[in-house]
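J.: below is the sequence, then the predicted model.
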Amino acid sequence: MGGERVDVRSWAGELKALQERFVHRFSRLEPRESALACMRGLIAPLERKNGWALAEEAGHGGPDRIHRLLNRIDWNADEVLDDVRDYVIEHLGDPEAVLIVDDTGFLKKGVRSAGVQRQYSGTAGRTENSQIGVFLAYASPHGRTLIDRRLYLPTSWTDDRERCRAAGIDDTVAFETKVVTAKAMVRRAFADRVPFRWVTADAAYGFSKGWRTELERADVFHVMATMRHDTVVTRWAMDRPVHDLFPGLARQKWKRRSCGDGAHGPRVYDWARVEVKPWHREDRRHWVIARRSIRRPEEISYYIAYCPAETTLDELISVAGSRWAVEECFQTAKQECGLDDYQVRRYDGWHRHMTLAMAAHACLTVLRAREADTGKAETDPPSSYP
């Protein structure tokens with residue numbers, strides 16, 4: 001995903017085709033044109049992608065049209081996102097795909113932007129004045145991109161309705177944890193028949209026993225990271241912390257495997273799994289998986305998996321490793337599509353900007369997948385059939 005930019009003429013044409021999918025969501029010509037101009041600017045190689053820069057790229061006399069699109073004109077960003085998601089599924093959809101939940105931070109000044117407060121931002125790696133967005137990524141063998149988003153509202157906001165109203169947050173919008181938001185996103189994808197086989201998330205989400213139970217009851221396969229002190233019921237009906245399951249494990253049970261390529265090459269660790277839970281369907285299994293650092297073997301991460309009985313350790317490792325795809329999406333969407341380069345303060349404005357930036361990212365992802373398929377076809381040996 002982080003390779004060379006695709007040809008400008010290619011993405012301009014593809015972006016127009018994507019925009020035509022949701023042009024009916026706008027009642028007037030101006031917002032239709034402004035939405036396309038905004039997405040073009042978000043993809044263009046601009047140093048900054050704020051309202052002025054997008055307006056200049058579009059040939060506007062000032063940022064008013066872009067600002068109206070994001071803040072004042074009436075349109076439903078969730079409906080547009082549905083159209084963008086349908087585009088993603090049409091081009092990248094695969095029954096073996098993985099849904100990945102994660103959040104990312106957007107550093108902000110002041111106190112008026114919806115949801116902003118001093119809070120931990122994984123982006124910054126520390127507590128900063130920021131907004132936090134919860135996202136759902138779709139990773140298939142063809143490509144990976146973002147398909148859902150929601151701005152996290154801390155209680156410092158939801159407990160102050162006047163402050164909420166000033167930022168365009170309706171009185172019906174109540175506080176919900178990031179896990180609750182993530183559950184709603186996955187439920188929506190499941191209900192809308194998005195093709196996927198697995199769900200994965202980091203320990204901030206995977207630690208939720210309630211969510212893992214909900215996924216299992218719906219027979220949704222998952223590999224969820226968790227904390228070392230999380231407990232599971234073992235095959236002997238005993239409740240034990242996951243970190244207690246591996247110290248006595250035979251050395252041959254540990255397998256050295258890569259869980260995917262990173263910025264510095266393959267991510268290689270030692271992996272092992274232990275079956276847990278004595279009660280389950282005959283064709284299903286529960287596993288606790290350990291991922292141990294090679295250089296620092298005292299550093300061990302843990303996952304809890306629910307999957308078909310025939311699932312191999314290598315398959316589970318692949319799903320666990322796919323979680324990094326969402327971080328790749330955040331990086332490329334911020335660097336190439338202006339995901340974090342916005343000046344809106346209102347709740348609706350945030351979701352509108354994110355939707356258009358995600359549309360731009362989806363467009364680039366589809367184009368790169370298409371180029372990869374073309375390149376593969378050109379290098380594949382000719383068929384031996386006449």
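T.: Looks like it arrived, so ask away.
J.: in the chain, where is pLDDT below threshold?
T.: 1-9, 263, 375-386 (pLDDT under 70).
J.: quick check: longest strand of it.
T.: Of all the segments assigned as strand in the chain under DSSP state E, the longest by residue count is strand 126-140.
J.: what about the nearest residue to Ala97 once chain neighbours are set aside, neighbour count?
T.: Using CB to CB, 6 or more residues apart in numbering and skipping the chain neighbours, the partner closest in space to Ala97 is Ser140 (3.9 Å). The C-beta positions use only the backbone N, C-alpha and C, and glycine is treated the same way. Using other CB atoms under 10 Å, Ser140 has 23 neighbouring residues.
J.: ok, Ser140 touching His91?
T.: No. Between Ser140 and His91 there is no contact under CB atoms under 8 Å: 9.7 Å.
J.: how many other residues sit next to Cys164?
T.: 19.
J.: before we move on, what about the one 5 residues further on?
T.: Close neighbours of Ile169, defined as other CB under 10 Å, add up to 21.
J.: run through the residues that contact it.
T.: 114, 153, 157, 347 (CB atoms under 8 Å, 6 or more residues apart in numbering).
J.: do the same with Val268
T.: Counted by CB under 8 Å, 6+ apart, Val268 has contacts 256-258, 294.
J.: what about 10 Å?
T.: When contacts are counted by CB atoms under 10 Å, 6 or more residues apart in numbering, Val268 touches 256-259, 262, 293-294.
J.: and it, what element?
T.: Using DSSP states H and E, the secondary-structure element containing Val268 is strand 265-276.
J.: dump stretch 363-372 to CSV, keeping only the CA atoms.
T.: C-alpha atoms of stretch 363-372 as CSV (Å, rounded to 0.1, in the frame of the first residue of the first chain):
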residue,chain,number,x,y,z
CYS,A,363,-10.0,4.3,-4.5
LEU,A,364,-6.2,4.1,-4.3
THR,A,365,-6.5,0.6,-2.7
VAL,A,366,-8.7,-0.6,-5.6
LEU,A,367,-6.4,0.9,-8.2
ARG,A,368,-3.3,-0.7,-6.6
ALA,A,369,-5.1,-4.1,-6.5
ARG,A,370,-6.0,-3.7,-10.1
GLU,A,371,-2.4,-2.9,-11.0
ALA,A,372,-1.1,-5.8,-9.0
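J.: that older thread, ok, so of the contacts of Val268, who is nearest His67?
T.: Gly262 (39.1 Å; CB to CB).
J.: looks like the closest one contacts Gln331 (just checking).
T.: No. Contact criterion CB atoms under 10 Å: Gly262 and Gln331 do not qualify, at 11.9 Å.
J.: hmm, back to that, the residue nearest to Ala97 and Glu90 touch, don't they?
T.: No. Using CB under 10 Å, Ser140 is not in contact with Glu90, being 11.8 Å away.
J.: returning to that earlier point: what's opposite the residue nearest to Ala97 in the beta bridge?
T.: Gly143 (DSSP bridges).
J.: for it, list the residues it contacts.
T.: 88-89, 91-98, 195-197, 322, 325, 369.
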